[in-house]
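Visitor: please find the sequence and the predicted model below.
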Amino acid sequence: MYDVAIIGAGPGGIFSAYQLKNKRDDIQVAVFESGNELKKRKCPIDGKKIKSCIKCNTCAIMSGFGGAGAFSDGKYNITNDFGGTLHEYIGKEKALELMEYVDKINTSHGGENTKLYSTAGSEFKKICMQNKLKLLNASVRHLGTDINYVVLENLYKELADKIDFHFNTPVKKIEIIKNGYRLHHSKGYTDCKKCIVSVGRSGSKWIEKICEELKIPTKSNRVDIGVRVELPAVIFSHLTDKLYESKIVYRTEKFEDNVRTFCMNPNGIVVNENTNGIVTVNGHSFEDPNKKTENTNFALLVSKHFSEPFEDSNGYGESIAMLSNMLGGGVIVQRFGDLERGRRSNKNRIEESTVRPTLAATPGDLSLVLPKRILDGIIEMIYALDKIAPGTANDDTLLYGVEVKFYNMEVSLDNNLETNYKGLYVIGDGSGVTHSLSHASASGVYVADKILETI
Ligand SMILES: Cc1cc2nc3c(=O)[nH]c(=O)nc-3n(C[C@H](O)[C@H](O)[C@H](O)COP(=O)(O)OP(=O)(O)OC[C@H]3O[C@@H](n4cnc5c(N)ncnc54)[C@H](O)[C@@H]3O)c2cc1C
């Protein structure tokens with residue numbers, strides 16, 4: 001009987017494990033993870049023998065120690081303005097305090113030489129406002145994909161002797177037993193007094209099933225749909241040099257929808273992402289100067305939330321992503337000039353383009369994939385951004401589609417992030433409350449502290 005069992009070794013699970021053992025060495029903690037330990041996480045796509053997703057049992061990109069964030073750009077945004085709604089449960093001050101605490105742990109485990117950027121006092125706020133754009137407040141610690149990996153390696157080294165890690169051990173079922181919970185997993189079962197569920201996006205279908213079985217109420221969440229923009233890094237360098245990541249929101253004139261920039265990767269690369277077998281697009285960048293490219297990429301996303309009579313927001317996003325997979329065999333790339341002229345991009349036009357794509361995507365036509373309302377919003381936003389970063393609306397700017405940000409349905413939780421069962425907590429992206437590294441990590445620390453108060 002463990003004192004605490006954690007399901008999922010993403011940032012949420014790792015930071016709850018870290019906090020529990022850091023504060024109380026005497027308690028017994030186990031972590032169950034579907035994927036591999038960090039050094040064994042390897043996507044088989046090598047671009048030569050294996051060119052596209054072969055649908056492994058557990059996706060090495062999304063699962064394993066470090067979770068979905070392990071190969072991410074490692075941008076820890078310290079803000080309540082985006083990245084989740086943790087502050088609605090624990091208060092704004094506490095949420096920021098915990099995100100700063102997480103930052104201290106990251107910077108004392110290999111991230112000490114990385115830079116913290118901030119929008120505070122930035123002259124860009126005014127420039128954005130003058131052009132109908134809103135720059136959101138945030139401090140961002142950019143670890144970069146390489147240092148993010150080092151931090152995870154160091155955290156694992158520190159925890160490996162103190163915690164029982166069970167890799168390649170997906171938990172199948174949670175059973176309520178006297179004084180705790182029984183976790184049924186691929187190797188048998190394990191009992192615990194308290195259980196923290198931190199299964200992230202890849203565990204979305206599973207957590208839905210668990211909530212249904214245990215009658216834990218849930219409600220539908222939104223889905224964000226859009227494209228990833230790639231352009232020469234110099235076009236955005238005045239913003240990215242100072243802020244690294246700028247979260248900018250634009251309200252469209254036609255539909256009054258909000259379009260926002262998301263996940264900016266200066267001098268980065270565009271990558272494929274696989275969610276439940278559907279290939280979408282994402283971006284990375286590295287701290288290592290040798291790995292930097294001449295391009296910057298970022299997403300432009302529009303949020304859609306369906307509630308009545310249709311409530312499957314994720315299903316809507318999945319259908320659009322599947323359409324792009326059907327037409328392009330994966331991600332589609334199109335020059336902005338081709339989109340504006342109502343024609344598809346082809347191999348020649350992409351090759352002649354002045355922007356060299358960093359992802360080998362299929363040249364095609366995004367207007368056959370994205371709904372008009374979303375596409376019109378994105379085009380309006382590109383012209384709005386062109387006013388603060390001239391060159392954004394150039395013909396050769398590349399658009400990759402589709403980028404979809406799926407959110408888990410929101411699990412009904414109290415202010416301790418505890419379900420209607422005492423001692424059963426749901427944290428991180430799996431709860432629908434967070435959608436970022438810093439919020440997920442902070443939720444892990446928060447719940448660990450709450451558990452320690454009771455043990
Ligand atoms: C390519 C990419 C880039 C990103 N970049 C950034 C970024 O720069 N900044 C940012 O803030 N966010 C970024 N994100 C989002 C960020 O990674 C997530 O918000 C964060 O990882 C959520 O942490 P989590 O612990 O809640 O879940 P996850 O990181 O998803 O971890 C959940 C873990 O649970 C495991 N699991 C699932 N089901 C089970 C089960 N039944 N039994 C056992 N284990 C299970 C999974 O294998 C996984 O390892 C990025 C995401 C991706 C995919």
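Guide: It's in. Numbering: from 1, shown residues only.

Visitor: give me the beta-bridge partners of Ala299?
Guide: Judged by DSSP bridges, the bridge partners of Ala299 are Arg228, Phe262.

Visitor: swap in Leu424?
Guide: Bridge pairing for Leu424 (DSSP bridges) gives the partners Cys195.

Visitor: return the residues in contact with it.
Guide: Leu424 makes contact with 174, 181, 194-195, 197, 214, 418 under the criterion C-beta atoms under 8 Å, 6 or more residues apart in numbering. All C-beta atoms are positioned from the backbone trio N, CA, C, and that covers glycine.

Visitor: out of these, flag the one nearest to Ile90.
Guide: Closest approach to Ile90 among the contacts of Leu424 (C-beta to C-beta): Glu418, at 11.9 Å.

Visitor: contacts for the worst-scoring helix or strand of the chain on mean pLDDT, please.
Guide: In the chain, the helix or strand scored least confidently by mean pLDDT, DSSP states H and E is strand 269-275, which has a mean of 87. Contacts to strand 269-275, defined as C-beta under 8 Å, 6+ apart, come from residues 45, 53, 59, 61-62, 201-202, 228, 230, 279-285, 293, 295, 297, 330-331, 357-359, 361, 400, 404, 406.

Visitor: switch to 7 Å and redo it
Guide: 53, 59, 61, 201, 228, 230, 279-284, 293, 297, 330-331, 358-359, 400, 406 (C-beta atoms under 7 Å, 6 or more residues apart in numbering).

Visitor: do that strand and the ligand meet at all?
Guide: Yes - Strand 269-275 comes into contact with the ligand (C-beta under 6 Å from any ligand atom), by way of Glu273.

Visitor: and Glu351, how far is that from Leu417?
Guide: Distance, Glu351 to Leu417, by C-beta to C-beta, to the nearest Å: 51 Å.

Visitor: look at the two and report which has more neighbours.
Guide: Comparing Glu351 with Leu417 by other C-beta atoms under 10 Å, the one with more neighbours is Leu417, at 24 against 10.

Visitor: thought that one was touching Gly430?
Guide: No - Leu417 is not in contact with Gly430 according to C-beta atoms under 7 Å; the separation is 11.1 Å.

Visitor: quickly run through the sheet partners of the least confident helix or strand of the chain, with directions.
Guide: Here, using DSSP bridges, strand 269-275 pairs with strand 278-284 (antiparallel).

Visitor: could I get the CA-only coordinates of the strand it pairs with as CSV?
Guide: Extracted in CSV, the C-alpha atoms of strand 278-284 (Å, rounded to 0.1, in the frame of the first residue of the first chain):
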residue,chain,number,x,y,z
ILE,A,278,-4.1,12.0,-36.4
VAL,A,279,-1.1,14.0,-37.7
THR,A,280,-1.1,17.7,-37.0
VAL,A,281,1.6,20.4,-36.9
ASN,A,282,3.6,22.0,-34.1
GLY,A,283,6.9,23.8,-33.7
HIS,A,284,10.2,23.6,-31.7
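
Visitor: can you turn the buried part of the contacts of strand 269-275 into a PyMOL selection?
Guide: Only the buried entries of these go into this PyMOL selection, using 16 or more other C-beta atoms under 10 Å:
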select buried, resi 53+59+61+201+228+230+279+280+281+282+283+284+293+297+330+331+358+359+400+406
